[in-house]
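Q: the following comprises the amino acid sequence and a computationally predicted model.
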Protein chains: 2
Amino acid sequence: LSEKCENESDWSVEVSDFAKSTCNPVRKLIEQMKIEPNPNYQMIALSIGDPTVFSEIGKPQSVINAVQACINDKKFDGYTPSYGTEAARQAVAKYYSRPDNLIYKFTDILLTNGCSQAIDLCITVLANRGDNIVIPKPGFSIYKTLAGTLGINVKYYSLLEEFNWEVDLEELESLIDERTKAIIVNNPSNPCGSVYSREHLLDIIDLAERYKLPIIADEVYGDMVFPGNEFYYMSELTQRVPILSCNALSKRFILPGWRFGWIAIHDPKNYLARVRAGFNDLTTRILGPNSLAQAAVVEILEKTPQSYFDGVMQILSINAEIVYERVKKLPGLIPRKPSGAMYMMVGLDLKCFPDIPTDLEFVQMLIREKSVFCLPANIFECPNYIRIVITMKKEKIIEACERIEEFVLAHYKPCEKK
Amino acid sequence: LSEKCENESDWSVEVSDFAKSTCNPVRKLIEQMKIEPNPNYQMIALSIGDPTVFSEIGKPQSVINAVQACINDKKFDGYTPSYGTEAARQAVAKYYSRPDNLIYKFTDILLTNGCSQAIDLCITVLANRGDNIVIPKPGFSIYKTLAGTLGINVKYYSLLEEFNWEVDLEELESLIDERTKAIIVNNPSNPCGSVYSREHLLDIIDLAERYKLPIIADEVYGDMVFPGNEFYYMSELTQRVPILSCNALSKRFILPGWRFGWIAIHDPKNYLARVRAGFNDLTTRILGPNSLAQAAVVEILEKTPQSYFDGVMQILSINAEIVYERVKKLPGLIPRKPSGAMYMMVGLDLKCFPDIPTDLEFVQMLIREKSVFCLPANIFECPNYIRIVITMKKEKIIEACERIEEFVLAHYKPCEKK
Ligand SMILES: Cc1ncc(COP(=O)(O)O)c(C=O)c1O
Ligand SMILES: Cc1ncc(COP(=O)(O)O)c(C=O)c1O
């Protein structure tokens, strides 16, 4: 064996299939984008779903107080149990229970490194190599990224634009086969900004029940709905179907960098006994979130006033309105009004832009000419759309809209056929 | 398909092979230990390698200052690049370079969730299902835990107790086959407390070079050696063999709960180009450590004085001496003097303890009778030893030794044959 390798070039070390089958198109685009913005304009990034960027609002004051109260005490530097401290899990259980119809015990909560690891653990605990999970399209790319590494397949069910991005239940049903292990539902939705009604959620739950499939509910935008809309946790709506609700401090508490998330296990009929044991084993691989964050979360969840969240949603809803009204007037762009989360999808009528063949091209030219960075929605499996993040300051948002307007007017050609 | 599942019992959801093949025996023992301690004694846990427990020393003051300086600024709450901020990577690169013979650039550093995720990424990027990695015995159980999930096999090479736990190089060589993808070296060692000489490390590097295998160097106890010993990073000692050095703030900075670690890529000949790309993809799955910790690490690495580390090692070395001298006198126990890290291995001459068949039994009875919790070293693939953590306060350590003495004298029967 040793002789086989005498040639120095043999050193070139191969990379595993795990790595090769891992791709996160959002991160790849954002971190490796090579397009030069126009030096005459300051860059406005409406790309990454990071609420700390540009917004006039930062984290709640409770976060600062809580960290200052914990930082001196070395007991908060120690290893925590793999699935988190009892105090932090208790705080999450209490905060995310709904007095009338959803009571979590602390043992139902597992702390994770952000919502990403919550979803990773759910997929990993349920599916084998060659199994599949069904996921939304348009949808956030992380599900495929996570499943891909492990050789778990994804099948896309469509969200119907004309029905406020509701799930195409018939199509979803047709995708389910013997190797389907879970349904992922993302509500409110990234990238659509849609918020599902109670009735629609019940229809999805009903389907899951008929096929006896657990639901992984990606509810990282839970409660982030604009005034006049109502959000339901899927766990509130069933006393039978097991729901793994994935969530985090990332969006609602404006702490995406903290990598603090959790899985809330809703399983009234105790169908998931083996899955709970599996979670326990899997969390011992790299352990959960930062211990200081775990210590602080108790006070953060207790002390953050409702008015803080109301303020954030007020601003997001005004921003959505501004972008919607402005973009609506632009030829060739068809904005879709969101009801929650922090994104707006904008359809591109590309036959009216003869020099722009794809959404990716649209986005790249917009950067090059106007230094405005949106994401091409083909990375959300939804070509011919762009996704605009609406968390930035009002002045920025208006400036971005103005630049988009100039860009569109420069490239738009009415009635042209491609 | 739907009808197949009419029976409610079919709901019982199966757990994946990924979860089934994941086992962390240390965490399992510590978190699920059901043995009741003796209510007449306060529990002394010499089990988990958590330097925050019992020690008179806490984290450096620089940590508190750095966090207080960062917590108000919301720019430290945002998503960081998947492999960490440039500032934090720069700080690690600078701190862990050695002016004479090891210069890291920030692009050589990837930030991770503790040393555990550093090792996880290294194994995942290099090995496929069915491949193998060679790992030390006795050795820390995390390597097998991490590899097991992915169906990567482990092969154990022996550390030779009579040669200060040096690697049995002949055996190591005999284990290497076509599917071997990496050699893991842990120096200083958990559980042995051994510190390898320059010469021995060069011998290991030489072997790796002959087989063209990259080395994963678990150096989480790097620089934690008792006065009179010297520690070398493997990366200092070769200009050819690629070394993936895994490290963390966990032990030396006494911040295990922070989950802040890194991989330092040493690859002077650029053999690892594909591996670097693979790391980039893999880090986009759940992202790196907490952003506040990333912000703080710059000041932490710059401002922590050498005297702080010297103080810690002074205490650990005194503790080691105390335990060694006391245990040496006990019949049937054979302590092995450590040179670094924070553990001591103690051999058990079990034929002198007729009512104690195994190291696990020894440990359980010691808890039940004397409320002292050590780890049975069979979980480190080294039966008939126990591992004692030596980070606690001197009074505690002496009390623990006294209780162990009582326990041993109560159970020891000279000359008995089993
Ligand atoms: C729908 C959705 N799920 C999960 C995540 C990941 O959340 P986290 O940053 O907490 O890992 C995001 C982040 O953008 C998201 O939009
Ligand atoms: C040898 C060794 N490697 C890795 C680790 C894991 O370190 P971390 O807590 O930074 O993940 C430990 C922890 O005890 C260890 O002893």
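A: Here it is on my side, so go on. Ligands and ions are numbered 1, 2, ... in the order given.
Q: use CA for all of it now, contacts and neighbours both
A: OK.
Q: mind listing what the residue of chain A found nearest ligand 2 touches?
A: Using Cα to the nearest ligand atom, the closest approach of chain A to ligand 2 is made by residue A:286 at 6.2 Å. By Cα atoms under 8 Å, 6 or more residues apart in numbering or on different chains, the residues touching residue A:286 are B:113-114, B:116-117, B:120.
Q: in a helix, it, correct?
A: No - in this structure, residue A:286 is coil, not part of a helix, as judged by DSSP: H, G, I helix; E, B strand; the rest coil.
Q: circling back: got the contacts of residue A:286 as JSON lines, with distance to ligand 1 and neighbour count columns?
A: What follows is the contacts of residue A:286, written out as JSON lines (distance: Cα to the nearest ligand atom, whole Å; neighbours: other Cα atoms under 10 Å in any protein chain shown):
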{"residue": "B:113", "distance to ligand 1": "13", "neighbour count": "27"}
{"residue": "B:114", "distance to ligand 1": "17", "neighbour count": "28"}
{"residue": "B:116", "distance to ligand 1": "19", "neighbour count": "25"}
{"residue": "B:117", "distance to ligand 1": "16", "neighbour count": "25"}
{"residue": "B:120", "distance to ligand 1": "18", "neighbour count": "20"}
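Q: what helix or strand is residue A:190 located in?
A: Under the criterion DSSP states H and E, no helix or strand holds residue A:190.
Q: distance of residue A:137 from residue B:290?
A: Separation of residue A:137 from residue B:290 (Cα to Cα, to the nearest Å): 30 Å.
Q: in the stretch 1-150 of chain A, what spans have low per-residue confidence?
A: The model of the stretch 1-150 of chain A has pLDDT under 70 over residues A:1-9, A:54.
Q: which is the next helix or strand following the helix or strand containing residue A:262?
A: Per DSSP H and E: residue A:262 is located in strand A:261-266. Sequence-wise, the next helix or strand downstream of strand A:261-266 (DSSP H and E) is helix A:273-283.
Q: so how far is that following helix from its chain's centroid?
A: Remark: helix A:273-283 is offset 24 Å from the chain centroid, using Cα atoms, centre = their mean, to the nearest Å.
Q: wait, does it contact ligand 2?
A: No - against ligand 2, helix A:273-283 shows no contacts by Cα under 6 Å from any ligand atom, the least distance being 12.0 Å.
Q: show me what contacts the nearest residue to residue A:139 once chain neighbours are set aside?
A: Nearest non-adjacent residue to residue A:139, counting by Cα to Cα, 6 or more residues apart in numbering or on different chains: residue A:380, 5.2 Å away. With contact taken as Cα under 8 Å, 6+ apart, residue A:380 is in contact with A:137-141, A:191.
Q: in those residues, which residue is surrounded by the most others?
A: Using other Cα atoms under 10 Å in any protein chain shown as the neighbour criterion, residue A:191 leads those with 27 neighbours.
Q: that one against residue A:346, yeah?
A: No - with contact defined as Cα atoms under 8 Å, residue A:191 does not reach residue A:346; the gap is 10.3 Å.
Q: need the overlap of contacts for those two.
A: With Cα under 8 Å, 6+ apart, residue A:191 and residue A:346 have common neighbours residue A:387.
Q: buried ones in stretch A:341-356?
A: Buried residues in stretch A:341-356, counted by 16 or more other Cα atoms under 10 Å in any protein chain shown: A:341-348, A:350-353, A:356.
Q: out of the residues you listed, list just those in strands.
A: A:343-348 (DSSP state E).
Q: of all those, which comes closest to ligand 1?
A: residue A:343 (9.5 Å).
Q: how long is stretch A:351-364 end to end?
A: End-to-end distance of stretch A:351-364: 18 Å, with Cα to Cα as the criterion.
Q: for the record, mean pLDDT for that stretch?
A: Model confidence over stretch A:351-364 averages 96 on the pLDDT scale.
Q: can you give me how far that stretch is from the chain middle?
A: Taking mean C-alpha positions (Cα atoms, centre = their mean), stretch A:351-364 and its chain are 26 Å apart.
Q: now do stretch A:87-99
A: On Cα atoms, centre = their mean, the centre of stretch A:87-99 falls 22 Å from that of its chain.
Q: same question, stretch A:145-158
A: The answer for stretch A:145-158 is 15 Å, by Cα atoms, centre = their mean.
Q: can I get the CA coordinates of that stretch in CSV?
A: Below are the C-alpha coordinates for stretch A:145-158, written out as CSV (Å, rounded to 0.1, in the frame of the first residue of the first chain):
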residue,chain,number,x,y,z
THR,A,145,-28.8,21.2,1.9
LEU,A,146,-29.2,19.2,5.1
ALA,A,147,-30.9,16.1,3.6
GLY,A,148,-28.4,16.1,0.7
THR,A,149,-25.4,15.5,2.9
LEU,A,150,-27.0,12.3,4.2
GLY,A,151,-28.2,10.9,0.9
ILE,A,152,-31.8,11.6,1.9
ASN,A,153,-33.9,12.6,-1.1
VAL,A,154,-36.3,15.6,-1.3
LYS,A,155,-39.5,15.8,-3.2
TYR,A,156,-41.0,19.2,-3.9
TYR,A,157,-44.7,19.9,-3.4
SER,A,158,-45.9,23.2,-5.0
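Q: so is that stretch next to ligand 1?
A: No - judged by Cα under 6 Å from any ligand atom, stretch A:145-158 stays clear of ligand 1, getting no closer than 11.1 Å.
Q: near chain B at all, that stretch?
A: Yes - with Cα under 8 Å from any Cα of the partner chain as the criterion, chain B is reached by stretch A:145-158 at A:145-146, A:150.
Q: what does that stretch rub up against?
A: Residues contacting stretch A:145-158 (Cα under 8 Å, 6+ apart): A:17-24, A:120, A:123-124, A:127-138, A:144, A:167-168, A:171-172, A:175, B:150, B:285.
Q: quick one, which of those residues are buried?
A: Among the contacts of stretch A:145-158, those scoring as buried are A:17-24, A:120, A:123-124, A:127-129, A:131-138, A:144, A:167-168, A:172, B:150, B:285 (criterion: 16+ other Cα under 10 Å).
Q: next step: the residues you listed restricted to strands.
A: Secondary structure from DSSP E places A:132-137, A:167 of the buried ones among the contacts of stretch A:145-158 in strands.
Q: now render those as CSV, adding distance to residue B:388.
A: Formatted as CSV, those follow (distance: Cα to Cα, whole Å):
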residue, distance to residue B:388
A:132, 45
A:133, 45
A:134, 48
A:135, 48
A:136, 51
A:137, 54
A:167, 57
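Q: next, format these as CSV and append distance to ligand 2.
A: Output for those, formatted as CSV (distance: Cα to the nearest ligand atom, whole Å):
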residue, distance to ligand 2
A:132, 31
A:133, 30
A:134, 33
A:135, 32
A:136, 34
A:137, 36
A:167, 40
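Q: okay, now residue A:329: neighbour count?
A: Residue A:329 - counted by other Cα under 10 Å - has 12 other residues nearby.
Q: next, find the distance separating the closest residue to residue A:141 other than its chain neighbours from chain B.
A: Nearest-residue entry for residue A:141: residue A:380, 5.9 Å, with adjacent residues in sequence omitted and distances by Cα to Cα, 6+ apart. From residue A:380 across to chain B, the span is 16 Å (Cα to the nearest Cα, to the nearest Å).
Q: all good on my end, thank you.
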